[in-house]
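# can you look at this prediction? I've put the sequence above it.
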Amino acid sequence: MSISIYRLTVPMFQRGLGSLKTYLDKAEAYAKEKNFDPGILISTRLAPDMLPLSGQYQRASDSAKFTLARLTATEAPKFEDNEKTFDELRERLEKTEAYLAGFSAEALEGTESRQITLPGKSGIVLPGDEYVATFALPNFYFHVATAHAILRSQGAPIGKRDYLG
């Protein structure tokens, strides 16, 4: 028995976005408890050449929505990538979740064989199932894990259970 593309994408993305929402709640409470500007967390990077926390949220959101758009040959909603507060990041996650909720299992039937061109200039084309397994999910979880690492590096009280949902 094979697993459907729907089960590999929509619930996985929803779970990861749920973890990101938990991180926001805990990070905001941490900033209030320690009495510092939460913008510090939002602009923190793990390394100078990496995106800040806000960018990790934006890319996780983009990974989820663009994966489904590519698989279904539809347009994903466009977001401005200008979030600077916890509330703005929450709003972005909510819009992404609403978009994901619009997909049914039937909408993704047959997409395992749809040819997907990887973003960027590589020109690599993969069938939908390989695209999900080797690019879309690893990319999404990279950004969720990096957001986790940024917040932990700053002392926010999040842990493995928060990551796992």
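Yep, it's here.
# so how far is Ser113 from the closest residue to Pro119 other than its chain neighbours?
Sequence neighbours aside, Phe66 is the residue nearest to Pro119 in space, at 7.3 Å (criterion: Cβ to Cβ, 6 or more residues apart in numbering). C-beta coordinates here come from the backbone N, C-alpha and C atoms, glycine included. According to Cβ to Cβ, to the nearest Å, Phe66 and Ser113 sit 19 Å apart.
# ok, these two, which is more surrounded?
Phe66 (16 against 9; other Cβ atoms under 10 Å).
# so who does the residue nearest the centre of the chain touch?
Taking Cα atoms, centre = their mean, the centroid of the chain lies closest to Ala60, which sits 2.1 Å from it. Shown in contact with Ala60 (Cβ atoms under 8 Å, 6 or more residues apart in numbering): Gly16, Leu17, Leu20, Phe140, His143, Val144, Ala147.
# how far out from the middle of the chain is the helix or strand bottoming out on mean pLDDT in the chain?
The weakest-scoring helix or strand in the chain, judged by mean pLDDT, DSSP states H and E, is helix 160-164 (a mean of 93). Per Cα atoms, centre = their mean, to the nearest Å, the displacement of helix 160-164 from the mean C-alpha position of its chain is 15 Å.
# what sits up against that helix?
Ser19, Thr22, Tyr23, Lys26, Val144, Ala145, His148.
# you'd agree Gln115 is up against Ile124?
No - counting by Cβ atoms under 8 Å, Gln115 stays clear of Ile124, with 10.7 Å between them.
# quick one: which of these two has more around it?
For Gln115 versus Ile124, neighbours defined as other Cβ under 10 Å are more numerous around Ile124 (13 against 9).
# so the more buried one makes contact with Leu118?
Yes - Ile124 is within contact range of Leu118, at 4.5 Å (criterion: Cβ under 8 Å).
# which residues are in contact with stretch 22-39?
Outside stretch 22-39, the residues touching it (Cβ under 8 Å, 6+ apart) are 40-41, 84-86, 89-90, 93, 147-148, 151, 155-158, 162, 165.
# can you tell me which residues contact Glu91?
Glu83.
# before we move on, back to that, which of the contacts of Ala60 has the most neighbours?
Ala147 (29 neighbours).
# that one in helix, strand or coil?
Following DSSP: H, G, I helix; E, B strand; the rest coil, we place Ala147 in the helix state.
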